[in-house]
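Engineer: here is my input, please return the structure:
(2 chains)
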Amino acid sequence: MTSLIQVDQLYRFFSSRCAVNNVSFKLERGEILGFLGPNGAGKTTTMQMICGNLAPTEGQVFINGIDILDQPKEAKRELGYLPETPPLYRELTADEYLGYCARLHRLPAKKIATAVGNAKERCGLTEVGRRLIGNLSKGYQQRVGIAQAILHTPAVIILDEPTVGLDPIQIREIRELIRELGREHGIILSTHILPEIQEVCTRVQIIHQGQLVMNDSIERLERNMRALSLLMKTRGTPDLARLYALNGIHSIDALGDNRYRVFHDKEASPASSIAEIAVSFGWGLLELTPEKRSMEEIFIEITRHSPSTEKE
Amino acid sequence: MMAFTIAGREFRTLFLSPLAWAILGIIQIIQAFLFLVLLDTYLNEIQARYAGFEQAPGVTDFIVTGLFQNAGIILLMVTPLLTMRLISEERRNRTLSLLFSAPVSIAEIVLGKYLGVFAFLLLLVGMTTLMPLSLLSGGGLDYGKLAASFMAFLLLSAGFASLGLFISALTSQPTVAAISTFGALLLLWIINWSRNGAGGVLEYLSMLRHYDRLLTGLVNTEDLIYFILFILAFIVLSIHTLDNDRLQK
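Structural biologist: Model prediction:
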């Protein structure tokens, strides 16, 4: 079966500045792909190219196996896109707007009413259908934008920062909606909010200076986040040489006040053996905690040094 | 045809703002005033003066031609206001991406926008034509000349709209589009006013000249082709300009 999205060696130059540099990836049905990157990394540019809003300088994009450059109309049928700024006509009511979007996506006239009704219900818009979009709050406008993207039940949904401007309850609802949609569709989601990625996505990509620097499933990322160090506190002074004798211990830093940071191998945590030793020698173990790296730390670590200098 | 969907929204959106109603209302008042002035002059001066002449200009020549001549100048001032926001406003509000990511080609988007505003102008043309038709209650008209004038006005408005659409596609500021469209149309209107221009390229480019010739009832292929080329050229240019948004920003 073909992938929902296949991106092949995508390049984009703005005059001489390279905004997207050799990006390739795939998206399968049922996946929710989180797109991460610092400002100006090329997230939006990549998304615009996938949606046919911007022509790539080089490379190919396939939506459901259809080349978006060769057959844009056929490819765009399978696409729902919510850009950074929701493309809303403020002078229309939400119902009129969604009806127009449905016709733009060539839904047959009979199905328009049900499609609009469904999208409104999923996005919690049933109450505001007859109000002018310009008079809706930012959160509702954002929801109308999402409704527009899912209206025609496209195979691929691309959301550029969908939870911006929403209150915490709405954010929870929208995340729930995205997760639900992710079961039947393929979703690409760009966001700045790291916990959102952890909570919603099944796969994470980090783009930095136009290049894909990480592409991992969320499980592997979480494994990565697992501690490589333990924090230990004892009442008495421990004999560190005994700890060094343990398998997989790299180094031990004294933090003063009988506190130590023990660095160890990725694979095995030596916590239980440390505890055994501490007890058998009567060091008076007060604390032994694995240190967890946050997603933020991983993100910063990856994006701190530029990939282009690494290669040279 | 998706162009009609877009045209339909464009047309309806025009009437959601007071602008369209204001334009229709104000133009109708001004046209009615000019119509009455023409009618009054005709009844009290012209008719008496030319009474008994063999080849005298009739009511159609005087009133209908005069009315449509004025209408052309009014249209020149009004079209920029209607066309300015066609594409520039969508670009400024970033709503173009809705059209770009929908299964619609750029040509359909441009054509839709054009047809939307043209439908409105059609309304304007129709309402202007109603005035000379009202003369039928009291006398006869030269239908051939009226038809020629109607067609001339239709072609003129179609030409104005296509240039306005193109200029709107060039910018993201509606006001800039409006003033540029007005400037371009006015220049095309008066371009043959220079002494040297008479008979040359400038003469051919002048919209006024082609319009006036059609208004006299002389339906010439040269003038028809001028307008058709004019309309097509700017629609194609608009398509290319909008496509540039996708190619490079």
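Engineer: what does the helix ranked longest in chain A rub up against?
Structural biologist: In chain A, with assignment by DSSP state H, the single longest helix is helix A:168-184. With C-beta atoms under 8 Å, 6 or more residues apart in numbering or on different chains as the contact definition, helix A:168-184 has outside contacts at A:29-32, A:122-124, A:139, A:142-143, A:146, A:150, A:157, A:159, A:162-163, A:166, A:187, A:189, A:196, A:199-200, A:202. From N, CA and C alone the C-beta is placed, and that goes for glycine too.
Engineer: in helices, which of those appear?
Structural biologist: With helices defined by DSSP H, the entries of the contacts of helix A:168-184 inside them are A:122, A:139, A:142-143, A:146, A:150, A:196, A:199-200.
Engineer: can you pick the most crowded of those residues?
Structural biologist: With neighbours taken as other C-beta atoms under 10 Å in any protein chain shown, the top of the ones in helices among the contacts of helix A:168-184 is A:R143, carrying 27 neighbours.
Engineer: give me the average confidence score over the longest helix of chain A.
Structural biologist: Averaging pLDDT along helix A:168-184 yields 86.
Engineer: off-centre distance for that helix?
Structural biologist: Here helix A:168-184 is found 13 Å from its chain centre; the criterion is C-alpha atoms, centre = their mean, to the nearest Å.
Engineer: then stretch A:103-116?
Structural biologist: Centre to centre, stretch against its chain (C-alpha atoms, centre = their mean), the figure for stretch A:103-116 is 30 Å.
Engineer: confidence score at the closest residue to B:G58 other than its chain neighbours?
Structural biologist: Leaving aside its sequence neighbours, B:G58 sits nearest to B:D142 (C-beta to C-beta, 6 or more residues apart in numbering or on different chains; 6.5 Å). pLDDT for B:D142: 85.
Engineer: tell me how far B:D142 lies from A:T237.
Structural biologist: From B:D142 across to A:T237, the span is 117 Å (C-beta to C-beta, to the nearest Å).
Engineer: before we move on, what about B:E45?
Structural biologist: According to C-beta to C-beta, B:E45 stands 121 Å off from A:T237.
Engineer: run through who's touching stretch A:254-268.
Structural biologist: Counting by C-beta under 8 Å, 6+ apart, A:228-238, A:240, A:243, A:247-253, A:270, A:274, A:291 sit against stretch A:254-268.
Engineer: within range of chain A, give me the residues from chain B.
Structural biologist: Proximity of chain B to chain A, by C-beta under 8 Å from any C-beta of the partner chain, involves residues B:2, B:5-6, B:9, B:13, B:16-17, B:93-105, B:246-249.
Engineer: repeat that with 6 Å
Structural biologist: Counting by C-beta under 6 Å from any C-beta of the partner chain, the residues of chain B lying close to chain A are B:5, B:9, B:16, B:94-95, B:97-98, B:100-103, B:246-247.
Engineer: now, the most widely separated pair of those?
Structural biologist: In the residues of chain B next to chain A, the most distant members under the criterion C-beta to C-beta are B:L16 and B:L247, with 32.4 Å between them.
Engineer: for the residue nearest the centre of chain B, what are its contacts?
Structural biologist: Centroid-nearest residue in chain B: B:S157, 1.6 Å away (criterion: C-alpha atoms, centre = their mean). Taking C-beta atoms under 6 Å, 6 or more residues apart in numbering or on different chains as the definition of contact, the neighbours of B:S157 are B:75, B:121, B:125.
Engineer: give me that answer again for 8 Å
Structural biologist: For B:S157, the set of contacting residues under the criterion of C-beta under 8 Å, 6+ apart consists of B:75, B:79, B:118, B:121-122, B:124-125.
Engineer: what bits of the chain have low per-residue confidence?
Structural biologist: All of this refers to chain A. Low-confidence regions of chain A, defined here as pLDDT under 70, cover residues A:1, A:224-227, A:266-267, A:305-312.
Engineer: the intended chain is chain B.
Structural biologist: Counting by pLDDT under 70, chain B shows low-confidence ranges at B:56, B:195-199, B:249.
Engineer: would you map the helices across it?
Structural biologist: Secondary structure of chain B (DSSP H): helices located at B:2-16, B:18-41, B:47-50, B:59, B:65-83, B:88-92, B:96-100, B:106-134, B:143-170, B:174-190, B:201-205, B:207-215, B:221-247.
Engineer: can you list the domains in chain A?
Structural biologist: Using automatic domain parsing, the domain parsing of chain A gives A:5-223, A:227-291.
Engineer: which of those domains is buried the deepest?
Structural biologist: domain A:5-223 (a mean of 19; mean count of other C-beta atoms under 10 Å in any protein chain shown).
Engineer: sorry, back to before: can you redo the contacts of B:S157 as a markdown table with neighbour count?
Structural biologist: Formatted as a markdown table, the contacts of B:S157 follow (neighbours: other C-beta atoms under 10 Å in any protein chain shown):
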| residue | neighbour count |
| --- | --- |
| B:L75 | 23 |
| B:T79 | 26 |
| B:F118 | 24 |
| B:L121 | 21 |
| B:L122 | 15 |
| B:L124 | 23 |
| B:V125 | 21 |
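Engineer: relative to B:L24, which of these is nearest.
Structural biologist: Distances from B:L24 to the contacts of B:S157, taken by C-beta to C-beta, are shortest for B:L124, at 6.8 Å.
Engineer: need the contact list for that closest one.
Structural biologist: B:L124 touches B:23-24, B:27, B:75, B:78, B:157, counting by C-beta under 8 Å, 6+ apart.
Engineer: swap the cut-off to 10 Å and go again
Structural biologist: The neighbourhood of B:L124, defined by C-beta atoms under 10 Å, 6 or more residues apart in numbering or on different chains, consists of B:20, B:23-24, B:27-28, B:31, B:71, B:74-75, B:78-79, B:82, B:153, B:157.
Engineer: just flag the most distant two among these.
Structural biologist: Pairwise distances among these were taken by C-beta to C-beta; the largest, 18.7 Å, belongs to B:A20 and B:F153.
Engineer: between those two, which one's more packed in?
Structural biologist: Under the criterion of other C-beta under 10 Å, the comparison of B:A20 against B:F153 puts B:F153 first, with 25 against 19.
Engineer: the more buried one contacts B:T129, correct?
Structural biologist: Yes. Taking contacts as C-beta atoms under 10 Å, B:F153 lies within contact range of B:T129: 7.6 Å.
Engineer: nearest to chain A, out of the contacts of B:S157: which one, please.
Structural biologist: Checking the contacts of B:S157 against chain A with C-beta to the nearest C-beta, the nearest one is B:F118 at 19.3 Å.
Engineer: with adjacent residues omitted, what lies nearest to the closest one?
Structural biologist: According to C-beta to C-beta, 6+ apart, the nearest residue to B:F118 is B:A161 (5.4 Å).
Engineer: got the contact list for that neighbour?
Structural biologist: Contact criterion C-beta under 10 Å, 6+ apart gives B:75, B:79, B:82-83, B:86, B:113-118, B:120-121, B:181, B:231, B:234-235 as the residues in contact with B:A161.
Engineer: which among the residues you listed end up buried?
Structural biologist: In terms of neighbour count (16 or more other C-beta atoms under 10 Å in any protein chain shown), the buried residues within the contacts of B:A161 are B:75, B:79, B:82-83, B:86, B:113-118, B:120-121, B:181, B:231, B:234-235.
Engineer: would you quantify the distance from the nearest residue to B:L135 once chain neighbours are set aside to B:S149?
Structural biologist: In space, not counting the residues next to it along the chain, B:L135 is nearest to B:L141; the distance is 6.0 Å by C-beta to C-beta, 6+ apart. According to C-beta to C-beta, B:L141 and B:S149 sit 11 Å apart.
Engineer: quick one: common contacting residues for those two?
Structural biologist: Both B:L141 and B:S149 are in contact with B:60, B:64, B:132, where contact means C-beta under 10 Å, 6+ apart.
Engineer: now do the contacts for the second one.
Structural biologist: The one in question is B:V64. When contacts are counted by C-beta under 10 Å, 6+ apart, B:V64 touches B:35, B:38, B:58, B:129, B:131-133, B:135, B:141-142, B:145-146, B:148-150, B:215, B:217.
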